[in-house]
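Engineer: Provided below are the primary sequence and the corresponding predicted coordinates.
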Amino acid sequence: MSARIAIVVGGKGGVGSTTLCVEFALASVKRKQTVALIDADLAARRSIAVLLDEVRTLDAARSSANIATATAQGMTLVEMTSTIDGAFTITPQDADFVATSVIELHEVVFVDAPQPYAAALRQLVTRAQLFVLVVEPSILGVTGARAAQLELAKFGIPASHIAYVINARDARPAVSRRDVEQALHCEVIAEIPPVSDRRYGKAIETALDVINRMEAGIASLSPSMTVPIGDRRSRGARRDEPPKPGPGESPAPSPLRPNLTQRKELEERDRFKAEIHTALADRIDTVTVSRGVDDAARLAELRGEVADVVNELIAERPNPGSAEDVAHLRQEIIDEALGLGPLEELLRDESITEIMVNGRDKIFIERAGKIELTAKRFSSDRHVRLIIERIVAPLGRRIDEAQPMVDARLPDGSRVNAIIEPLAIDGPSLTIRKFPSRRMQASDLVRMGSITDPLVDFMRAGVEARLNILVSGGTGSGKTTLLNVLSSFIPESDRIVTIEDAAELSLAQEHVVRLESRAANVQGAGEIRIRDLVKNALRMRPDRIIVGECRGGEALDMLQAMNTGHDGSLTTVHANSPRDALSRVETLVLMAGFDLPVRAIREQVAGALDMIVQIGRLRDGTRKVISISEVVGLEGEVVTMQEIAYFDQRGLDKDSRVIGEFHFTGVQPMCLKRFEELGITFDIQQLASLPTAANW
């Protein structure tokens, strides 16, 4: 039996390509055909299993982390992987099984493959008669389809082997069918209306009819007319050229190629790396083995085993390149097999504080407060996506078109934020705030000029006296670092509960309970918010509650906790000044959903907060504590404060570094009385040793 194979791809994420792939398969079953439906989305979203409600059936049929088959709704379901790392673990034998034991036994095969360029899918791609490109009728959708069109051309797919389907899920699409055809220089075979439209079923049938005719026509061509993936020419066209327009059509615009030779070299390098990954997965199950390794010595041993195999595979290449090139290639492959690919070297660099991935070939870093572009790159947007999913999956979090942004953390505590299509227009974006290998101490802040010893001693006394302290600052100003330092002053005897979105606080005390919020699951259930954790923490007999950041209604619960016996609590908030911090807290309290009078909120704020520490990132990239203020009380409708100390910036030196000094305002802190009552040692003369506005 010679199967007709159609691979369904999306112009961008979230266009509904998986849903249409399932619809085409079900419609073929109704026509009494033997049908196989293959989920080749190597990101392991398991969308087909969820849509058909066959997750348990496939799991029961799975004998390994990879291929699983089941019979459901009159067709054979094949799931190529259920794990995030599936793209690295699928072996040639897995692909052979799908090609021989599944495809050969069916008349019609539909493959859901959002990105059909992975080496693991090569056997499916080379045997496919047709690629169905699903287009969303919007400007963004057409742009994504154009990019997919060019990618297919690069991989040697003839323009005649692509069928274009518009999935108009909105009753009033932003772009017309004619506009889509003119922009893509193609003929759309069908326009699928919203599923609620009575014409939906008929449109599916019409599209399927055209797909069958195109497949039959392509299958009747001579073998020389079909071009395997990876070949450099497609019916006379160069791989880097877009599909040629048909008769009477205008030529498509050529994309920018600043260095075409270099680009081809990188593409060839990526293909070679993909081949090595495939061969490596056949010899060592790096994912399964490394997942259970928590011992540094065993992990180093595993890296050695992988390095030996990689060296052997590289040696088999006719012209592997110079010794330096081979060393770089070997390290890249090891990092991709066992780590986070091109980010591994950046994560190992202690001088880097932040990593920002703006696209597969735009990786920026922050070093000494300055941002710079690196030469690192990912092989594709899909590679970026796999690394993101490798980070978030062990934490029980997910990222997909339904939930396209996520906060997570690395094993060392580094904070991660990721956002993907359709929200990230130019491809997946990843930001990593690195966690220092050594816990930052107050002495480190003094050494870096972020604060002075007298101010450190004042804040230490405030923490020991159980003052409720709010750390305020902008993004990247060092709020979490300062919060870690302040928490180090908490006595060992206190029971501490920390609450965060993504756990990054690192406390030295023994009696610490760390809580982390949880996002909703695929069904939209199971979400645990910061606010829920704050409420639960009150039942855990805490001496101190530390909330990593107040950004919603949990501010109300935090204030109530501070006002009901949980003194000495710490939290942070995004604000540009101490006064703005108070306004921000008021706004967050209103987000709790209670219609509270403004005066009642301000009474809560004035009664709960004792000290506000403002930290800022200055023009030269340095972080400094720029103000320490004390909350005095409520006068009328205004929460009153008095500033204890501040940083006075006087300008920049010849090297553009900030010049300034820390000043004491001369105001007698009200908390001194509390220090005295509790026997906390602090000498006001330490603050008086700083310059004051009067004598400066």
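Structural biologist: Happy to help now that I have it. Residues are numbered from 1 along each chain as shown.
Engineer: how about the nearest residue to Pro456, chain neighbours excluded?
Structural biologist: No, residue 456 isn't Pro; it's Val. Leaving out its chain neighbours, the residue that sits closest to Val456 by C-beta to C-beta, 6 or more residues apart in numbering is Ala442, at 4.7 Å. Yep, even glycine has a C-beta here, placed from its N, CA and C like the rest.
Engineer: could I get the contacting residues of that neighbour?
Structural biologist: In this structure, Ala442 makes contact with 451, 456, 460, 485, 488, judged by C-beta atoms under 8 Å, 6 or more residues apart in numbering.
Engineer: how about Val29?
Structural biologist: By C-beta under 8 Å, 6+ apart, Val29 lies in contact with 35, 73-75.
Engineer: show me the protein divided up by domain.
Structural biologist: The domain map for the chain lists 4-233, 262-433, 442-688, with the assignment taken from automatic domain parsing.
Engineer: tabulate the ones you listed (JSON lines), appending mean pLDDT.
Structural biologist: Rendered in JSON lines, the data for the domains of the chain read as follows (pLDDT from 0 to 100):
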{"stretch": "domain 4-233", "mean pLDDT": "81"}
{"stretch": "domain 262-433", "mean pLDDT": "77"}
{"stretch": "domain 442-688", "mean pLDDT": "89"}
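Engineer: now the residue nearest to Val456: how far from Val573?
Structural biologist: With distances defined as C-beta to C-beta, to the nearest Å, the gap from Ala442 to Val573 amounts to 22 Å.
Engineer: and Val50, by the same measure?
Structural biologist: Noted for Val50: a distance of 38 Å to Val573, by C-beta to C-beta.
Engineer: swap in Ala27?
Structural biologist: Ala27 sits at a distance of 54 Å from Val573 (criterion: C-beta to C-beta).
Engineer: tell me which element Ala70 falls in.
Structural biologist: Assigned by DSSP states H and E, Ala70 belongs to strand 68-72.
Engineer: direction included, what does that strand pair up with?
Structural biologist: The pairing partners recorded for strand 68-72 under DSSP bridges are strand 75-79 (antiparallel).
Engineer: alpha carbons of the strand it pairs with, in PDB - could you do that?
Structural biologist: Written as PDB, here are the backbone C-alpha positions of strand 75-79 (Å, rounded to 0.1, in the frame of the first residue of the first chain):
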ATOM      1  CA  MET A  75      -7.800   5.800  12.900                       C
ATOM      2  CA  THR A  76      -4.300   5.100  14.100                       C
ATOM      3  CA  LEU A  77      -2.800   7.700  16.400                       C
ATOM      4  CA  VAL A  78       1.000   8.100  16.600                       C
ATOM      5  CA  GLU A  79       2.600  10.400  19.200                       C
END
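Engineer: for it, the distance to its chain's centre please.
Structural biologist: When distances are taken as C-alpha atoms, centre = their mean, to the nearest Å, strand 75-79 is centred 30 Å away from the chain's centroid.
Engineer: kindly report the same for stretch 566-586.
Structural biologist: With C-alpha atoms, centre = their mean as the basis, the distance from the averaged C-alpha position of stretch 566-586 to the chain average is 28 Å.
Engineer: keeping just the C-alphas, turn it into CSV.
Structural biologist: C-alpha atoms of stretch 566-586 as CSV (Å, rounded to 0.1, in the frame of the first residue of the first chain):
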residue,chain,number,x,y,z
HIS,A,566,3.6,39.2,62.1
ASP,A,567,6.1,42.0,62.6
GLY,A,568,9.5,41.9,60.9
SER,A,569,8.1,41.0,57.5
LEU,A,570,9.9,42.0,54.3
THR,A,571,8.7,42.5,50.7
THR,A,572,9.5,44.4,47.5
VAL,A,573,7.5,46.6,45.1
HIS,A,574,8.2,48.3,41.8
ALA,A,575,8.3,52.0,42.3
ASN,A,576,10.6,55.0,41.6
SER,A,577,10.5,56.7,45.0
PRO,A,578,9.4,56.1,48.5
ARG,A,579,6.3,58.2,48.0
ASP,A,580,5.5,56.3,44.7
ALA,A,581,6.0,53.1,46.7
LEU,A,582,3.1,54.0,49.1
SER,A,583,0.9,54.9,46.1
ARG,A,584,1.8,51.6,44.5
VAL,A,585,0.8,49.7,47.6
GLU,A,586,-2.5,51.5,47.7
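Engineer: show me what the helix or strand Asp308 falls within is packed up against.
Structural biologist: Secondary structure assignment for Asp308, by DSSP H and E: helix 296-315. With contacts defined as 3 or more C-beta pairs under 8 Å, 6 or more residues apart in numbering; DSSP states H and E, the packing partners of helix 296-315 are helix 260-283, helix 286-291, helix 323-338.
Engineer: now do the same end-to-end measure for stretch 342-352.
Structural biologist: Using C-alpha to C-alpha, to the nearest Å, the gap from the first to the last residue of stretch 342-352 comes to 14 Å.
Engineer: burial of Leu588, as a residue count?
Structural biologist: 21 (other C-beta atoms under 10 Å).
Engineer: that one against Glu549, yeah?
Structural biologist: No: proximity of Leu588 to Glu549 does not meet the contact threshold set by C-beta atoms under 8 Å, at 10.4 Å.
Engineer: where does Thr498 land in three-state SS?
Structural biologist: Following DSSP: H, G, I helix; E, B strand; the rest coil, the label given to Thr498 is strand.
Engineer: contacting residues around it?
Structural biologist: Thr498 is in contact with 505, 507, 512-515, 546-548, counting by C-beta under 8 Å, 6+ apart.
Engineer: just the buried members of those residues?
Structural biologist: Burial by neighbour count, judged by 16 or more other C-beta atoms under 10 Å, picks out 505, 507, 512, 515, 546-548 from those.
Engineer: want to throw those residues into a markdown table with distance to Ala465 and secondary structure?
Structural biologist: Formatted as a markdown table, the entries for the buried ones among the contacts of Thr498 read as follows, by distance: C-beta to C-beta, whole Å; DSSP: H, G, I helix; E, B strand; the rest coil:
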| residue | distance to Ala465 | secondary structure |
| --- | --- | --- |
| Leu505 | 21 | coil |
| Leu507 | 19 | coil |
| Val512 | 20 | strand |
| Leu515 | 25 | strand |
| Ile546 | 16 | strand |
| Val547 | 20 | strand |
| Gly548 | 23 | coil |
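Engineer: quick check, nearest of those to Arg45?
Structural biologist: Of all those, Leu515 has the smallest distance to Arg45: 28.2 Å, by C-beta to C-beta.
Engineer: and that closest one, how close does it get to Asp209?
Structural biologist: 56 Å.
Engineer: same question for Gly616.
Structural biologist: From Gly616 over to Asp209 (counting by C-beta to C-beta), the distance is 65 Å.
Engineer: neighbour count: the two, which is higher?
Structural biologist: In this view Gly616 and Asp209 are compared by other C-beta under 10 Å, and Gly616 has more residues nearby, 19 against 13.
Engineer: wait, is the more buried one part of a helix?
Structural biologist: No: residue assignment for Gly616, taken from three-state DSSP, gives strand, which places it outside any helix.
Engineer: beta partners for it?
Structural biologist: Lys624.
Engineer: ok, the spatially closest residue to Gly478 that is not a sequence neighbour - contacts?
Structural biologist: What sits nearest to Gly478 in space, not counting adjacent residues and going by C-beta to C-beta, 6+ apart, is Arg623, at 3.9 Å. By C-beta under 8 Å, 6+ apart, Arg623 lies in contact with 369, 448, 450, 477-478, 481, 615-617.
Engineer: closest one to Ile204 out of the contacts of Thr498, please.
Structural biologist: The shortest approach to Ile204 among the contacts of Thr498 belongs to Leu515, at 47.6 Å (C-beta to C-beta).
Engineer: all set, thanks.
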